[in-house]
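Asks: everything below, folded, please.
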Amino acid sequence: MTFNQRILKLIDLEKITRSQFEKSIGVSENYVYKMKNPTLDLIENILKAFPCINRDWLLFDEGEPYHKQYGTPGLTNEPATGYTPEPLTELKAELMSKDIIIRSLVEKVKALEDEAESLRQQKNNYRRTPTKRQQETMHNKGSTSTADKRFSPK
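Replies: Predicted coordinates for the structure are as follows:
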């Protein structure tokens, strides 16, 4: 299920309209239909507005839509006694660390691509530049050596 499909399912489960959902998370009208990729702020707003939603389900479609600690879903979103939603700071820190890793890997890939291109150019230059032996052979083709005269057909 895509993120957009999970949002539509959440709207259905909460028994609210798309417009009510959009207002509750602070986005413009028809945002749900226009949304391509969720931003961190959007995810944070959804989890704040609907603390009963399972973060893993919302992000990765893993597990159930609602935390087990919550009762029947609805507009109130009141948690069961003793439950506090997972801090979003953990999620932010995890995403930031993964973002740093991804950026580092992108830089490494770019460096490797540059190195590969450099090696390709060196290879092409090497093919174009004759070796000393080839240069000698080309130079000697102009003058016939004694060895060549012995083996040449009469």
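Asks: contacts and neighbour counts: CA atoms only from here.
Replies: Noted.
Asks: send me stretch 19-26 as CSV with only the CA atoms.
Replies: Provided in CSV are the C-alpha atoms of stretch 19-26 (Å, rounded to 0.1, in the frame of the first residue of the first chain):
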residue,chain,number,x,y,z
SER,A,19,-11.3,18.1,4.2
GLN,A,20,-11.5,17.4,8.0
PHE,A,21,-8.3,15.4,7.8
GLU,A,22,-6.5,18.2,5.8
LYS,A,23,-7.6,20.8,8.3
SER,A,24,-6.5,18.7,11.3
ILE,A,25,-3.0,18.4,9.9
GLY,A,26,-2.7,22.0,8.7
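Asks: in it, what's buried?
Replies: Phe21, Glu22, Ile25 (16 or more other C-alpha atoms under 10 Å).
Asks: gap between it and the chain center?
Replies: Chain-centre distance of stretch 19-26: 28 Å, with C-alpha atoms, centre = their mean, to the nearest Å.
Asks: in the protein, where's the longest helix?
Replies: Longest among the helix segments of the chain by residue count, using DSSP state H, is helix 88-128.
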